[in-house]
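# dropping a prediction and its sequence here:
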Amino acid sequence: MTRIAVMGAAGRMGKVLIEAVHQAPDVSLGAAIVSSNSSLLGVDAGELVGVGKLGVRLKNSIAAAADDFDVLIDFTNPDLTLANLAECVRLKKALVIGTTGLSSEQRQILSDQAHHTPVVFAPNMSVGINLLLDILHRAASVLQEGYDVEIIETHHRHKVDAPSGTALRLGEVVADAMGRNLEECAVYGRQGMTGPRKANEIGFETIRAGDVVGDHTVLFASEGERIEITHKASSRMTFAKGAVRACAWLHNQPQGLYDMQDVLALKD
């Protein structure tokens with residue numbers, strides 16, 4: 001049975017991850033980690049999320065929990081994620097990363113480090129969104145000529161990065177299918193006298209409001225028709241369940257960088 005450690009256990013996502021691990025039949029919660037100055041150190045992780053005692057007390061570092069887990073889940077922030085990755089490499093632990101907002105340089109570091117330990121990295125762990133990526137690639141391959149592409153995403157007011165990592169991944173898939181370079185054709189919002197839309201643009205629109213967990217729409221529009229492919233998440237549990245599924249899969253994989261397409265066997 002795969003033993004999972006949850007980083008940032010006292011946060012919104014951390015608590016949902018603990019609950020998801022508790023619910024899953026083929027994994028167990030081995031460790032729950034919080035910051036070294038947290039007032040919750042020593043609290044039972046089960047009591048933290050209201051499922052009763054699990055016998056796992058909150059610890060303050062990966063090293064302190066090194067003997068208790070096989071795979072770490074990290075949904076924190078880019079700098080902390082890279083520090084945690086380095087520690088997992090040192091301890092020979094696998095890592096599932098759902099952190100968004102990594103720069104291209106940070107993603108390169110992640111890729112390099114994955115030569116030394118198994119890593120699943122995906123900006124969205126939802127099974128539904130990763131199936132959508134597969135569908136989207138097929139759609140974009142067909143809708144190359146005469147269709148404008150816009151990606152609209154909505155998240156809660158507390159999200160700190162924009163566009164979302166998922167929106168950027170959607171853009172990457174579309175650009176790849178259409179033979180474009182996203183860095184060259186992406187347009188992030190529009191204001192003022194922008195002039196007519198260029199044919200090869202992939203536009204991004206970002207909305208931040210209320211408590212929206214995550215909505216993403218890819219719009220293909222031509223003269224005469226529109227096609228909209230949409231995914232709406234109503235609970236963080238969908239991301240947590242995907243992450244737990246990734247942990248169970250990753251435990252038996254060799255060193256390397258994987259994504260949820262690998263976990264779900266969606267790659268040809």
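Perfect, thanks for sending it. Computed from a prediction, not measured in an experiment: that's the story for all the values here.
# neighbours around E228, how many?
E228 has 11 neighbouring residues, counting by other Cβ atoms under 10 Å. Where you see a C-beta, it was placed from the backbone N, CA and C, and this is true even at glycine.
# contacts only, for it.
By Cβ atoms under 8 Å, 6 or more residues apart in numbering, the residues touching E228 are 217-220.
# what's the answer for G224, then?
Listed by Cβ under 8 Å, 6+ apart, G224 has no contact partners.
# ramachandran coordinates for it?
phi 130, psi -20 (degrees, to the nearest 10).
# hey, where'd the strands end up in the stretch 101-250 of the chain?
According to DSSP state E, counting those that start in this stretch, the stretch 101-250 of the chain carries its strands in the segments 118-121, 148-155, 186-188, 202-208, 214-222, 225-233.
# please state the offset of stretch 29-36 from the chain centre?
20 Å (Cα atoms, centre = their mean, to the nearest Å).
# swap that for stretch 19-35, sorry
On Cα atoms, centre = their mean, the centre of stretch 19-35 falls 18 Å from the chain's centre.
# one more: stretch 215-228?
Remark: stretch 215-228 is offset 24 Å from the chain centroid, using Cα atoms, centre = their mean.
# and it, average pLDDT?
Taken as a whole, stretch 215-228 has an average pLDDT of 97.
# buried set for that stretch?
For stretch 215-228, burial by neighbour count (16 or more other Cβ atoms under 10 Å) applies to 215-220.
# closest to M178 out of the residues you listed?
Distance to M178, by Cβ to Cβ, is smallest for F220 among these, at 10.6 Å.
# against Q23, how distant is the closest one?
Distance, F220 to Q23, using Cβ to Cβ, to the nearest Å: 37 Å.
# how about K198?
Here the criterion is Cβ to Cβ. By it, K198 lies 48 Å from Q23.
# report how many residues lie close to F69.
26.
# now swap in I129 and tell me
By other Cβ under 10 Å, neighbour count at I129 equals 24.
# same check, this time on R57
Using other Cβ under 10 Å, the number of residues around R57 comes to 18.
# touching, it and A45? I think so.
Yes: contact criterion Cβ atoms under 8 Å: R57 and A45 qualify, at 7.2 Å.
# find the residues that touch each one of these two.
Taking Cβ under 8 Å, 6+ apart as the criterion, R57 and A45 both touch A32.
# most widely separated two among the buried residues of stretch 215-228?
D215 and F220 (17.3 Å).
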